[in-house]
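Undergrad: task: produce atomic coordinates for the following.
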Amino acid sequence: MFVLNHRAGYLLFCILSLAFMLALTGCESKPPAAPDTRAADETAIRAADAANAKAVAAYDVAGAVSACTDDVVGMDPTSPVVIGKENMRQFLETMFKDKPDLSWTITKVEVARSGDLAYSYGAGKISMKPKKGKPTEETAKYVSVWKKQTDGSWKIIVNTMIPDPPAKPAATKHAKSASHKKSHKK
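TA: Model (predicted):
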């Protein structure tokens, strides 16, 4: 009887263990998915960008720098890479002395599903009216990488601008007709 009870006890132990493991796996719950806040985040980024554009248009260095993270990286084709908020402040102070007319328009904002990073890109223009020399106007495209802050606000962590190539001069009427006549002589 001892052998039978020992086997019955072992079998009972195995059945109960299996039932316990099945119960645990059946009760396993996944954490609830974070809510999808991408639409609200895009709206917040567009608003932050508009506030930044307003500060830049007013040559408000403090306002423009407030759109950046402490470890911001700025890449402009006319200067070395700008790293950090204080260096960005100095860069903007220098740039704003010349009173450039800067404007841009967001083409797209894409927020990561994780909700902590996003990028925006678009096009803009920079007009300069120097005291000496001819006024200039340059078009450009840009990309900004945004990072969500612990307070829920969005700030720029990386910003870069790429000037468009100079426009090709339009062919003159005389040059077109001369090349047209040349091709017909052959």
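Undergrad: residue ranges with poor pLDDT in this protein?
TA: Applying pLDDT under 70 to the chain flags the ranges 1-31, 171-186.
Undergrad: strands of that one, residue ranges please.
TA: Along the chain, counting by DSSP state E, strands occupy 68-75, 82-83, 101-111, 117-128, 136-148, 154-163.
Undergrad: need those in JSON lines with mean neighbour count, can you?
TA: Quick note: C-beta positions are derived from backbone N, CA and C, even for glycine. Shown next, in JSON lines, are the strands of the chain (neighbours: other Cβ atoms under 10 Å):
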{"stretch": "strand 68-75", "mean neighbour count": "18"}
{"stretch": "strand 82-83", "mean neighbour count": "16"}
{"stretch": "strand 101-111", "mean neighbour count": "15"}
{"stretch": "strand 117-128", "mean neighbour count": "17"}
{"stretch": "strand 136-148", "mean neighbour count": "17"}
{"stretch": "strand 154-163", "mean neighbour count": "18"}
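Undergrad: minimum distance to residue 58: which of those has it?
TA: strand 101-111 (10.9 Å; Cβ to Cβ).
Undergrad: that closest one packs against which elements?
TA: helix 38-57, strand 117-128 (3 or more Cβ pairs under 8 Å, 6 or more residues apart in numbering; DSSP states H and E).
Undergrad: who does that strand pair up with?
TA: Applying DSSP bridges, strand 101-111 is found paired with strand 117-128 (antiparallel).
Undergrad: give me the contacts around the partner strand.
TA: 41-42, 45, 49, 98, 100-112, 135-148, 154, 161 (Cβ atoms under 8 Å, 6 or more residues apart in numbering).
Undergrad: counting neighbours, what do you get for residue 39?
TA: 9 (other Cβ atoms under 10 Å).
Undergrad: can you put the strands of the chain in JSON lines and add distance to residue 62?
TA: Below are the strands of the chain laid out as JSON lines (distance: least, Cβ to Cβ, whole Å):
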{"stretch": "strand 68-75", "distance to residue 62": "11"}
{"stretch": "strand 82-83", "distance to residue 62": "16"}
{"stretch": "strand 101-111", "distance to residue 62": "17"}
{"stretch": "strand 117-128", "distance to residue 62": "21"}
{"stretch": "strand 136-148", "distance to residue 62": "19"}
{"stretch": "strand 154-163", "distance to residue 62": "14"}
